[in-house]
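Enquirer: Prediction below, plus the sequence it came from.
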Amino acid sequence: MAKLLVLVVLFILPAIASAAIPEPFTVTGKVYCDTCRVGYETPATTYLPGCIVKLVCKKRDNPDQITFTKEAITDSTGKYEMQVAYDAGDDICEMEHVKSSDPTCATPNAGRDRARICLTRNNGMVSNIRHANNIGYFRDVPLARCPQILQEYQDAESD
């Protein structure tokens, strides 16, 4: 009987305890400056360090009810990463822009100012890593070399 109790304590209880505490999600993404003001990333795109982004989860049936928020700041490569110990279930979660670090590239790109992500384990996804689409800002004045870059896209289409 004592051996059975030792087996339960050593093997079964730790397994139950570790299963009850799921590993947090890792949410990653980047923030960029659309230096050509075309609405998408180009070879002239730069990535912005020091930008603030925010994860916002809302009830699906009541979008005014916020259930979770968390902020992150981009690193020197424009990438952010946050650990989220929250399973949103059926809630709608999005990464949103908060503030650009570059005053010459601070106008949010509508359509690229947020990125929806799935923060639940009840969907068949095995990995805890969630990659959000990149969030973009427009540069106030396009770079001088942008017409050449856009011409390259047109040349590639005609081939």
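Expert: That came through, no problem. Residues are numbered from 1 along each chain as shown.
Enquirer: so how far is stretch 97-106 from its chain's centroid?
Expert: Offset of stretch 97-106 from its chain centre (Cα atoms, centre = their mean, to the nearest Å): 17 Å.
Enquirer: Check which residues of stretch 139-152 are buried.
Expert: Arg139, Pro142, Cys146, Ile149 (16 or more other Cβ atoms under 10 Å). For every residue, glycine as well, the C-beta is placed using N, CA and C.
Enquirer: I'd like the distance between the most centrally placed residue in the chain and Lys54.
Expert: Central residue of the chain (Cα atoms, centre = their mean): Ala132, 3.4 Å from the mean position. Shown here: Ala132 relative to Lys54, a distance of 12 Å by Cβ to Cβ, to the nearest Å.
Enquirer: And Thr69, by the same measure?
Expert: 6 Å.
Enquirer: Settle it for me: which of these two has more neighbours?
Expert: Set Thr69 next to Lys54 and count neighbours by other Cβ atoms under 10 Å: Lys54 wins out with 16 against 12.
Enquirer: From what I see, that one and Met95 are in contact.
Expert: Yes: at 7.3 Å, Lys54 counts as touching Met95 under the criterion of Cβ atoms under 8 Å.
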